[in-house]
Every structure is written in structure tokens, then in C-alpha cells.
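K.L.:
quick one: sequence and predicted model below, then my questions.
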Amino acid sequence: MVSFRTGKDSLANNSRVTNVVIDDFTNPERFASDIWIALYGKGNRVDHNTLLNKGNAGVTLAVRMNTEASRENEHIVDFNYFGPRQTLGSNGGETLRIGTSHYSREFSNTTVQNNYFDRTSGELEIISSKACGNTIRNNVFFESQGTLTLRHGHFTEVNGNYFLVNRKPNTGGIRVINENQTVRGNYLSGLTGYRFRGALVVMNGVPNGPVNRYDPVVNSVIENNLIVDSDHIQLCAGADAERSAPPTGTSMRNNLFMSSTNPNLFTVYDDISGIEFENNVINDEIEAPVSSGFSRAPYFLVDGESGLREPDPSLLDQIAFGHVRLPVTKDQTGADFYPKTDRAALFGSGKAILVPPGVNTLLAAIDTSAPGDELILEGGGSYLLTKFASIRHPLTIRTDSSERPVIRSEKSTFLFIEDGGALKLKRLHFDGAESPDLYGNNVISTSRYSMIKNYSLIVEDCLITNLNVNHSFNFLGAYKCTFADRIEIIGTKMENITGSVLPLNKEPENLGIYNVENVVIRNSHFVNIQGAVADNYRGGTDESTFGPIVTVADSLFENVGRGSRNQSDASLKFHGVQLLDVSNSTWIRSAPLALFLTNGEPITRIRDVIMQQTPPIKSNNDGYEVQGISYQ
Ligand code: CA
């Protein structure tokens, strides 16, 4: 969109881009990568711009250093509003990147200051600093998933930044890698992320590694930081056979850690004798990572004058933090003429529209609906679709009656969720009796084409029957290059299905790309399902993403997954799921629960499950927790 050059050797110097808006200017191919603002040359400034809703892969703003004339550039990126960026579900969703691994031992000397990062949640790295000599100071990170990462390069300063995330999932703070880094006077509040997205992460490195791997942390300083109500500080993170070099010559001093949520705030993965701890303060409940260098105080935080959580002033003095005060407000950032209001409609935010039973009455109501509307069907009414129905915005379909309306379709898919669409279904009966005698039908399908807006699908208190006119009739058909933020099946019964319920396995190339972030299956009953109820696939070794995150609870699986066409050979199959919780559920005469634990340290908990006439859990390794499993 904006490039600080007119040709490979014609670079802009001492130039400025200000008061510009780029909103949702997104390549329709999700994984066609592009950059919105590319800085080349030297002495340039990007300020007071509003950049939001980038849906495809590629960094929002990048500082390029590919020729000598773009290094030691002294660029300034300030007072910009980086608005919401959805989860990409792949590497390549960074909001700001300085340099690349190739030139990472060169100096960029870029300053990023007084910017507001509002829900910039594309991937693990909100900011990826990949060069030497940068300054990242006085920025605010509001409810953004991911971290500020000092990925490559040395001599970078991270000072006075505020992370305010209200305990949203996958929220991290500052990740320290490389030499001579300074992390000083930052305020981090309410961060829940673990592993690489902890509130503060000091990584292990690769001894004498190539430029694209992790350099060890050497001679770095972490001081005067205030970390409150956060869950994880990770020291020597990522330690493994390759990342075998722990930090050296590094100090952590005058930091205050106050948290009531996790007494095991610190996790130490390797030898931390190369980190000197001095005059840090922790509350009484927290376990200190080492015996010296920490003093204790009672847990005590109040909402200070700034509206932010802060400790007693004497402790602020003790760690030389100064006042708790936002360095920049949302209003002070971005283009002055452009509002920062969210436009995305939520379920139920529109009109309630009564839809009479009949042929294509539902289709007509869908086609004339507006974002957020609720279509209210008649209790016990019969609704037939003879054409494809396309959902193009968030829409709820439900009844107010205790008797479910029945929806049938003569087409191979009842409802398509097209780009921008999202669907909530409540107390409905979908029946396959009128579906065509074709294999591969679906009740719901994503777009067949690349989707650049993430969708949600909520199925609550529904009945799904007779998806069996031919083989491979799925409840959900998902296509490649589509991504769901959330899929929930709650209080629902599904029976007599020849295909799968949630086949979310359409990115098999092991590139770290996947189809869904959050899946919840709760209080539901599945009977006579030939395919799998869930088949989630997240392959590859890339570590840039958060999910998939899956919960299965209070559910019954009866004769599930034993069809000859079920390639997963499982009732539920989870490959590369990062956080899996299975509880209080029963399997009867079903294919096994299958796990493939890979990529990082996935957390897998299985408790209180009964397997009747069902083979044992299949897994590639035993890295999962089981509590209360009964085979009968
Ligand atoms: Ca990345």
C-alpha cells in the first residue's frame, strides 16, 4: 500500500506518512502475503495513522533493511493506532516487524513510540524486532494476544510500555532473546499467556547458531518493571537439545511481581545461574525462582488515580518505577478524522424477524437480513430450502417455542457461511431426509473460496438427524483457507450421520496453518456417526500461533467413528492441538480418542471419562495427563 521507495535503488529519505487510514484493505486470498506500510531508506517517520482489520497474511508495518541504504535508518514510528487484527492461524500475522533474520546483526536504530496496539492478535509476535539498536518505548498494548518479541538483533531497549489485557487468553508481554537488551520500567497487567506468551519470557538460545535461530540471552538487563495479576514468567524458555544455552551475564533487578492467580508464577526450564537477581519484590504467596534477590510483601493492589492496578507507593519507590500512568491514550493516536468504533456486528445485535414456515421462506429471510439480526422460526414449523442459502454476516436462527422447527434442504449444502458470515443456531432440528442422493453433502459449509474474515459457528440445543442419504454426509464442511475463531456444539443431539461432524483438517501441508482456534463440545450426544465427531489438524513445527484450543465435556459418544470411510480411525482426533481438555464424557462402542501431541509443549488433560467397548486412547506419546479413566 505504502512503500518508501519508487524502485529497488530509489529509496525515500527524510519523508513522512501521516494521518492516513488503511482499513480492511485485505487481499482476498488469505495466504497471499503483503505488507501495508514498508519503510525503506533513512530518517523516515510514520505517525498518526490508523491501520486496522488486516485479514490476510503479512506484516501490517515493516521496516526493511535489505540494502545498506536502509540500515542505521533512525526511522520513527509514533502515535499510530494499530486497530484490531484477527487471529491469522499461521505465522505471518505480525503487526510490526523491524528487519528480518538475514540482516539481524545489522543496526536498524528504529524508534517505535507512543503507539496504541488495540487487539492486534494476528499471531504470537505483535512486534517482532529483528535487528540491532531499536527503541520500543511508551506504547500501549490493549487486549492484544501475543508478545513484544526481541526475536533477533542486539542492543534494543524496551522501556515504559503498558500491557493492559484484562486477563484475555493468550496474552503475553515481553520476550527476551539475544544480547545487550534492556527491558526497563514496563507495566504489565492481567496477562494470562503461558510458554512463549508469558508476561515475561527469557529464552534459551542456540550456541553459535545460524542467524535465523535463537541467539542466547547475554548481558541483558530487566529492571524496574511492574508485573501484576499475571500468570507466567518463563525463564530459560524453549530449552531443548537445540536451544541449549541458558542466559548469561544477565540481571533482573528492582522488578515487582504481584499476583494472586498463580503461586507458581515463575517457571525455570534450565540453569538460571547466569541471571543475577537483586532487590526484586514478590508477594507472599509466590514461589521465588531462587533463594536470594527477592523480598516479600503482602498481595495488595488498588485502582490508582490512572484507573490502573497499582501497589503501595512505597513499593513503587522501592523499585524506582515512578508513577503508574498511561504513556499515551487511544485518542492521542491515529488519524484525527477517523473514528475508532468497532463495526463488527455481534450475534443478537440486530432486529428479531419472524419467519413463517414454508418453501424458501427461510432463504428469503436470510437474503434480506442485516448483520446481527435474529430470524425467529415458528415452533414445530417445517422449513424447506430448495436453493443454497448464503450467510454473509453474523446471523442467529432460532425459535422461541419449546418445539423445534424442522429445516430440510434439497441442495447438497443447507447453509453456506460466506466471507464475513457467522452463524448461531438455537433450538432447531436439521434433518437430511430431503437432501440429494449425493456423497459429501453438508448441513453447514464454509465458503468454497479463501475467507479473509474469521467466522464463528454456535450450535445450541439443536437436533441433527438422518444425514445418511448417501456416504460422507458431514455436519460441517470446511474448506482450505478458512478459519473459525470459535465453533461450539452445546446441548445438542446428532444421530445417523454417514460423514463427520467437524472435519477441521483441511491444511495438511504441515506449514503451521490450521482451520479453527477454539472448539467447544459440551453436554451433547452423538449416536451412529460413521466419521469422527472432531478431526482437528494442526501440523508443522512453526511456533507462531496459539491454537487450536479444544474443550470436550459432559458428552456421550455412542457408535461413533466406526465407518469404513473414516480415515481418522477415531471418534475424535486431535493433531497438534495446543490446549485440550476432555472431561466427564462417555464412549460406547466407538472408535478411540486419538491424540497426536506435537509442536511445543501442548497441554492435554483427560479426566473422568468412561470407555465402554471402546479401544484405549491412541497417542504418539504419553505427554498427556489422565485422571479417572475407566475401560469397561
Ligand atoms: Ca512470526
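P.N.:
Sure thing, it's come through.

K.L.:
only C-alpha atoms from now on, for both contacts and neighbour counts.
P.N.:
OK.

K.L.:
can you list contacts of stretch 192-206?
P.N.:
124, 146-147, 167-178, 188, 191, 213-217, 227, 230-239, 242-247 (CA atoms under 8 Å, 6 or more residues apart in numbering).

K.L.:
among those residues, the buried ones, what's the ChimeraX command?
P.N.:
Remark: buried members of the contacts of stretch 192-206, expressed as a ChimeraX selection using 16 or more other CA atoms under 10 Å:
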select :124,146,147,167,169,170,171,172,173,174,175,176,177,178,188,191,213,214,215,216,217,227,230,231,232,233,234,235,236,237,238,239,243,244,245,246,247
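
K.L.:
quick one: the helices in this structure, in order.
P.N.:
Along the chain, counting by DSSP state H, helices occupy 313-318, 361-367.

K.L.:
quickly list the domain ranges of this protein.
P.N.:
Taking automatic domain parsing as the criterion, the chain consists of the domains 2-332, 352-631.

K.L.:
how far off centre is the first one?
P.N.:
On the basis of CA atoms, centre = their mean, to the nearest Å, domain 2-332 sits 17 Å off its chain's mean C-alpha point.

K.L.:
try the last one
P.N.:
Average the C-alpha atoms of domain 352-631, do the same for its chain, and the two points are 20 Å apart (CA atoms, centre = their mean).

K.L.:
which positions in stretch 330-344 come out as buried?
P.N.:
So, applying 16+ other CA under 10 Å, buried residues of stretch 330-344: 330, 333-335, 340.

K.L.:
what's the first-to-last distance across that stretch?
P.N.:
With CA to CA, to the nearest Å applied, stretch 330-344 spans 19 Å between its terminal residues.

K.L.:
quick one: contacts of that stretch?
P.N.:
Contacts of stretch 330-344 (CA under 8 Å, 6+ apart): 18-21, 47-50, 79-83, 114-116.

K.L.:
farthest pair within the buried residues of stretch 330-344?
P.N.:
Lys330 and Ala335 (11.0 Å; CA to CA).

K.L.:
number of residues surrounding the closest residue to Leu511 other than its chain neighbours?
P.N.:
Leaving aside its sequence neighbours, Leu511 sits nearest to Gly540 (CA to CA, 6 or more residues apart in numbering; 5.1 Å). The number of residues packed near Gly540 is 16, by other CA atoms under 10 Å.

K.L.:
who's Ile489 bridged to?
P.N.:
Going by DSSP bridges, Ile489 is paired in beta bridges with Val459, Ile521.

K.L.:
and the pLDDT for the residue lying farthest from the centre of the chain?
P.N.:
In the chain, the greatest distance from the average C-alpha position (CA atoms, centre = their mean) is reached by Gly358, at 41.0 Å. Gly358 is assigned 98 on the pLDDT scale.

K.L.:
what's the answer for Glu305, then?
P.N.:
Looking at Glu305, its pLDDT stands at 87.

K.L.:
quick one, what contacts it?
P.N.:
Residues near Glu305 by CA under 8 Å, 6+ apart: none.

K.L.:
ditto for the one 4 residues further on
P.N.:
Residues touching Arg309, when contacts are defined by CA under 8 Å, 6+ apart, comprise 189, 228, 301-303.

K.L.:
out of the residues you listed, which is nearest to Glu72?
P.N.:
When the contacts of Arg309 are compared against Glu72 (criterion: CA to CA), the nearest one is Ser189, at 33.4 Å.

K.L.:
could you list the buried residues of stretch 385-402?
P.N.:
Those would be 385-399, for stretch 385-402 by 16+ other CA under 10 Å.

K.L.:
and if you look at stretch 622-632?
P.N.:
So for stretch 622-632, counting by 16+ other CA under 10 Å, buried means Ile629.

K.L.:
what's in contact with it?
P.N.:
597, 603-614, 616.

K.L.:
who touches stretch 274-282?
P.N.:
246-258, 288, 292-297, 319.

K.L.:
and these, which are buried?
P.N.:
246-248, 250-258, 288, 293-294, 296-297, 319.

K.L.:
strands - which of those residues land there?
P.N.:
Judged by DSSP state E, strands contain the following of the buried ones among the contacts of stretch 274-282: 250-253, 256-258, 294, 296-297.

K.L.:
between the residues you listed, which is nearest Arg522?
P.N.:
Nearest to Arg522 among those, with distances taken as CA to CA, is Met258, at 34.9 Å.

K.L.:
so what's that closest one closest to, chain neighbours aside?
P.N.:
Closest to Met258 by CA to CA, 6+ apart is Val228, at 4.8 Å.

K.L.:
where's that neighbour relative to Asn264, distance?
P.N.:
Going from Val228 to Asn264 by CA to CA gives 14 Å.

K.L.:
can you check Gly380 too?
P.N.:
Taking CA to CA, one finds Gly380 at 54 Å from Asn264.

K.L.:
could you do Asn139 as well?
P.N.:
Distance of Asn139 to Asn264, computed by CA to CA: 29 Å.
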